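fold the following and give me the result.
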Amino acid sequence: MQMERKKHFVDELKALLSGTISEARTAELNAGELAASQHSEVRNREDVKAVAESGRMTLAHGQRRERAKREVDALLQFAATGMKVFRRDAPAGLGALVDVQIEEAETGETEERTFFILPVGAGAELEGPGGDGFLSVITPDSPVGKSLVGRRVGDSFETAIHGVEREWTLMDLA
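This next block holds a predicted model:
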């Protein structure tokens, strides 16, 4: 059951990344066409600046597309070789679905969140199968990911996000 959920989330992230590839390619083509049309109408210094800006935008969209392609490749490789179900008493690691309770140090307010620790896709919000809840993707390199990896259910730690100190408790692991 947990492996099916994980595969669902991987497929959803792959779809998001594929959408990024498509959007970046369209933007890259549009910026390239704009640069070409502007280049043929260069009359003054401002026109040269506009052509250069369109060229930079073309390059940036191409880089975004290539980065998303590399992320899809890394995600597919991970899904093929690295996905596993974690026992509840195991340390959290790459591929773990984790439930955490977060308490803000200053106000004492708490919230519960679910994260999927993946090699790529940091910050992506994914919807569960059949609309069953949401989770966020984190990577082992993120501040929360670094703090979570190696922790066990019941472990607590402090991590500041955007300058706000919070206490995190690992509540469940799969």
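
any weak-confidence spans in the chain?
In the prediction, the chain carries residues with pLDDT under 70 at positions 1, 39-44, 47-48, 51.

can you show me the strands along it?
Secondary structure of the chain (DSSP state E): strands located at 97-104, 110-117, 125-127, 134-138, 156-161, 164-173.

can I get those in TSV with distance to residue 73?
The C-beta positions use only the backbone N, C-alpha and C, and glycine is treated the same way. Shown next, in TSV, are the strands of the chain (distance: least, CB to CB, whole Å):
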stretch	distance to residue 73
strand 97-104	22
strand 110-117	18
strand 125-127	19
strand 134-138	16
strand 156-161	29
strand 164-173	27
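
so which of those comes closest to residue 27?
Residue 27 lies closest to strand 125-127 among the strands of the chain, at 22.1 Å (CB to CB).

okay, now the sheet partners of the closest one, with direction.
Partners of strand 125-127 in the sheet, by DSSP bridges, are strand 134-138 (antiparallel).

quick one: the strand it pairs with to chain centroid distance?
8 Å (CA atoms, centre = their mean, to the nearest Å).

same deal with stretch 50-65?
Distance, stretch centre to chain centre, for stretch 50-65: 23 Å (CA atoms, centre = their mean).

again, but for stretch 26-46
32 Å.

give me the buried positions along that stretch.
27, 28, 31, 32, 34, 35, 38 (16 or more other CB atoms under 10 Å).

show me the contacts for residue 98.
Going by CB atoms under 8 Å, 6 or more residues apart in numbering, residue 98 touches 92, 114, 115, 116, 117, 148, 170, 172, 173, 174.
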